[in-house]
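Enquirer: the sequence and its predicted three-dimensional model are supplied below.
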Amino acid sequence: MKMFMLRLRHEFKEIVRSKRLYFVPLILILLAVTQPVLLYFLPDLIESGGNLPEGATITIPEPSPEEVMQSVSEQLNQIGMIVILLAASTQFSHEREWGTLAWLRSLRIGAGTLVFSKWLAQLALASVGLSFAYLSSYYYTMLLFDAPDVKKTIYSLLLLLAFTALQLAFLTMMTSILRSSLVSFLCVFSLGVVFSMIGGIDTAWTAWIPWQTGKESSAIFSRSLDDFWPLALLVVASIVFLFIARRLLKWTNA
Amino acid sequence: MIRVERLSKKFDDNVALKEVTFELQPGCTSLLGPNGAGKTTLLHLLAGITRPTTGRIDGLEQARIGFLPQTPALYPWMTARETLEQAGLLSGRTVDVHRLLGTVGLTDSKKPVRSYSGGMKQRLGLAQALCTDPDLLLLDEPVSALDPAGRREVLDLLMELKRDRMILYSTHVLPDAEEASDHVLILKEGRLIKDGTIRELLHKQQLTVRFTEEVDASELLAISCINHLEQRGLDWHLSTDDIKSAERALLQKAIDREWSIESFHIGHHSLESYLLEVTK
């Protein structure tokens, strides 16, 4: 446990020194805030865009606060996730490049300690960013529209964090075997795209693909809060990936 | 003492190390051999970085290991102080950073490691390896990036450190190995071809002779008791176990063939000539 805490502290220090602590939350906040602002000013934007025939009118119904938060969640789930994964993709490739992975092994630091500390530090960074992003978008939605459902917003955030945990666990697994951070990122990204396409086929088993449950963070705003299995599924899948990453790191060359 | 028994390592189809067996004695042991001989693989196996395909290493379980890789393993965003403090914490030791930096000729600075020169990184890497207060110090070409003064300092440090611990270091700088080492291991194509003390390996004597004219190598090799012959520049280096007989026979042949000798020198084999001879 002591080693784990030392490594976790090291990972946090690296996040601060690389300035990821500032730019990741900042980008996520900007992504989140643009949604309520854009939706609020959409009629004005279309009108000022011109190209409409004389006398033509377009009526855009005002979205409900939950619909605004749904679009925020979708934005963070897609573009936000790319930012989070890109920021975290150098985990083991840098350690390999600097030779520090080999050095850590010579100190008998366990693969589990390395895998879990890296994953947790990246998840903490993403959690800070996503929480601030939700908070700021909630504030702007409340200001420009009305207050969204607090319970649904919190559950949506929890689902998004769990989905981020899964994506980061899968990324950690890929970086533990692949030397290139870009290839690792592309693998995780491509898998997300493939599963979202498979998810279009509505069968009983596609609902159980962990990647599918990522959509739940936005879908929750348009339905009632009844089942919590997507959250449990994401947590279990993340743990499974982390244990696979630990095993892979143990057997791959530093 | 650490005992390595029939240690082999295969990377896919490439056999990097083949059934290597030796005992690592207290003191300094240099690991020699041409590029690709398996030196780094052997050091990685001893450091626990990679696992052997077959074979075993005894006596390593309880040993504290200090390891300096070929390219020092440093976090570029850390300062030297942070690097050593971290190494100390991870190995469960309190480190006197100031003293350790002084030992390797560095000063405490707030500059990140990324701004260090190659030589400074190598020194810091050595200090990092010493943070564990190791029983076994494994160094992969520790002087390769150092200037002559830095090399001298590291050699002196090795001489001091070897008194109470085992050191195994790979190098291509043979005069250094000759000076600092008590034992020598020579690898060739993954096999351990020589294992012995410097004294044992260099017991052969060598005649160095320069003629004023071209002579035929086969004529020299025909002299009885000459084991090995090599021409470097204008000099011929002749290895022998019986220096008196070789000297007499060579001079007799020179008289018979009317060769004029410009210079003639009797000495011990250098590690360099020995290595060239056994790895040919």
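Expert: Now that the structure is in, tell me what you want to look at. Fair warning: this is a prediction, and the values are worked out from it, not measured in the lab. Numbers count the residues shown, from 1 in each chain, chains lettered A, B, ... in the order given.
Enquirer: so which residues make contact with the least confident helix or strand in chain A by mean pLDDT?
Expert: The weakest-scoring helix or strand in chain A, judged by mean pLDDT, DSSP states H and E, is helix A:216-219 (a mean of 80). Outside of helix A:216-219, the residues within contact range by C-beta atoms under 8 Å, 6 or more residues apart in numbering or on different chains are A:70-71, A:73-74, A:77, A:156-157, A:159-160, A:163, A:230. In this view, the C-beta of every residue, glycine as well, is placed from N, C-alpha and C.
Enquirer: hmm, 6 Å instead?
Expert: The contact list for helix A:216-219 (C-beta atoms under 6 Å, 6 or more residues apart in numbering or on different chains) reads A:70, A:73-74, A:77, A:156, A:159-160, A:230.
Enquirer: same deal with stretch B:60-70?
Expert: A:99, A:102, A:106, B:2, B:47, B:125-126, B:129-130, B:132, B:134-142.
Enquirer: how about stretch A:109-117?
Expert: A:3-4, A:7-8, A:11, A:172, A:242, A:245-246, A:249-250.
Enquirer: I'd say B:E262 and B:T212 touch.
Expert: Yes: contact criterion C-beta atoms under 6 Å: B:E262 and B:T212 qualify, at 5.1 Å.
Enquirer: neighbours around A:Q91, how many?
Expert: By other C-beta atoms under 10 Å in any protein chain shown, the residues close to A:Q91 number 25.
Enquirer: tell me the pLDDT at it?
Expert: Predicted confidence (pLDDT) for A:Q91: 79.
Enquirer: near chain B, which residues of chain A show up?
Expert: Selection of chain A residues close to chain B by C-beta under 6 Å from any C-beta of the partner chain yields A:6, A:17, A:99-100, A:102-103, A:105-107, A:254.
Enquirer: how many neighbours does residue 190 have?
Expert: Went with chain A since none was named. 10.
Enquirer: hmm, I had chain B in mind actually
Expert: The tally of other residues near B:G190 (other C-beta under 10 Å) stands at 21.
Enquirer: what are the ranges of the strands in chain B?
Expert: B:2-11, B:14-24, B:27-32, B:54-58, B:65-68, B:136-140, B:166-170, B:183-188, B:191-197, B:205-211, B:226-232, B:235-240, B:261-268 (DSSP state E).
Enquirer: quick one, the first one and strand B:183-188 angle?
Expert: It stands for strand B:2-11. Here the directions of strand B:2-11 and strand B:183-188 differ by 20 degrees (axes from the mean of the first three to the mean of the last three C-alpha atoms, to 10 degrees).
Enquirer: which strands border strand B:2-11, and is each parallel or antiparallel?
Expert: Strand B:2-11 has its sheet partners listed here by DSSP bridges as strand B:14-24 (antiparallel), strand B:54-58 (antiparallel).
Enquirer: now do that strand: everything it contacts.
Expert: Residues outside strand B:2-11 that contact it (C-beta under 6 Å, 6+ apart) are B:16-24, B:41, B:52-60.
Enquirer: now do that strand: distance to the chain's middle.
Expert: The chain centre lies 19 Å from the centre of strand B:2-11; the measure is C-alpha atoms, centre = their mean, to the nearest Å.
Enquirer: what are the buried residues along that strand?
Expert: Neighbour counts using 16 or more other C-beta atoms under 10 Å in any protein chain shown place B:2, B:4, B:7-9 of strand B:2-11 among the buried residues.
Enquirer: now the angle from it to strand B:166-170?
Expert: Relative orientation of strand B:2-11 versus strand B:166-170 (the same axes, to 10 degrees): 30 degrees.
Enquirer: tell me the average confidence for stretch B:130-141?
Expert: 89.
Enquirer: oh sorry, the question was meant for stretch B:36-48
Expert: pLDDT averaged over stretch B:36-48 gives 90.
Enquirer: again, but for stretch B:53-60
Expert: The average pLDDT within stretch B:53-60 is 88.
Enquirer: OK, contacts around the residue of the stretch 151-280 of chain B found nearest chain A?
Expert: Per C-beta to the nearest C-beta, B:L168 is where the stretch 151-280 of chain B lies closest to chain A, at 12.9 Å. Contacts for B:L168 were tallied using C-beta under 6 Å, 6+ apart; they are B:29, B:31, B:138.
Enquirer: contacts with chain A among those residues, please.
Expert: Counting by C-beta under 6 Å from any C-beta, nothing from the contacts of B:L168 sits close to chain A.
Enquirer: check contacts around residue 27.
Expert: Using chain A. A:V83.
Enquirer: if you could check chain B rather than the one you did, that'd help
Expert: B:162, B:182 are the contacts of B:G27 under C-beta under 6 Å, 6+ apart.
Enquirer: kindly state the beta-bridge partners for it.
Expert: Applying DSSP bridges, one finds that B:G27 bridges with B:M166.
Enquirer: could you do the one 5 residues further on as well?
Expert: According to DSSP bridges, B:I186 are recorded as the beta-bridge partners of B:L32.
Enquirer: distance of the closest residue to A:L144 other than its chain neighbours relative to chain B?
Expert: Leaving aside its chain neighbours, A:L144 sits nearest to A:Y40 (4.2 Å; criterion: C-beta to C-beta, 6 or more residues apart in numbering or on different chains). Using C-beta to the nearest C-beta, to the nearest Å, A:Y40 is found at 42 Å from chain B.
Enquirer: from the buried residues of strand B:2-11, which is closest to chain A?
Expert: Using C-beta to the nearest C-beta, the buried residues of strand B:2-11 come closest to chain A at B:K9, 10.5 Å.
Enquirer: check what pLDDT that closest one gets.
Expert: On pLDDT, B:K9 comes in at 92.
Enquirer: from B:L46, how far off is it?
Expert: Note on B:K9: its distance to B:L46, by C-beta to C-beta, to the nearest Å, is 11 Å.
Enquirer: next: B:A73.
Expert: 16 Å.
Enquirer: what do you get for B:N14?
Expert: Taken as C-beta to C-beta, the span from B:N14 to B:L46 is 20 Å.
Enquirer: more neighbours, these two?
Expert: Neighbours per residue, other C-beta under 10 Å: of B:N14 and B:L46, the larger number sits with B:L46, 24 against 9.
Enquirer: nearest to chain A within chain B, name that residue for me.
Expert: B:A73 (3.5 Å).
Enquirer: list the contacts for that residue?
Expert: B:A73 makes contacts with A:99-100, A:103, as judged by C-beta under 6 Å, 6+ apart.
Enquirer: measure how buried residue 223 is and give me the count.
Expert: Because you didn't say which chain, this covers chain A. With other C-beta under 10 Å as criterion, A:R223 counts 10.
Enquirer: should've been chain B
Expert: Residue crowding around B:I223 was assessed by other C-beta under 10 Å; the count is 18.
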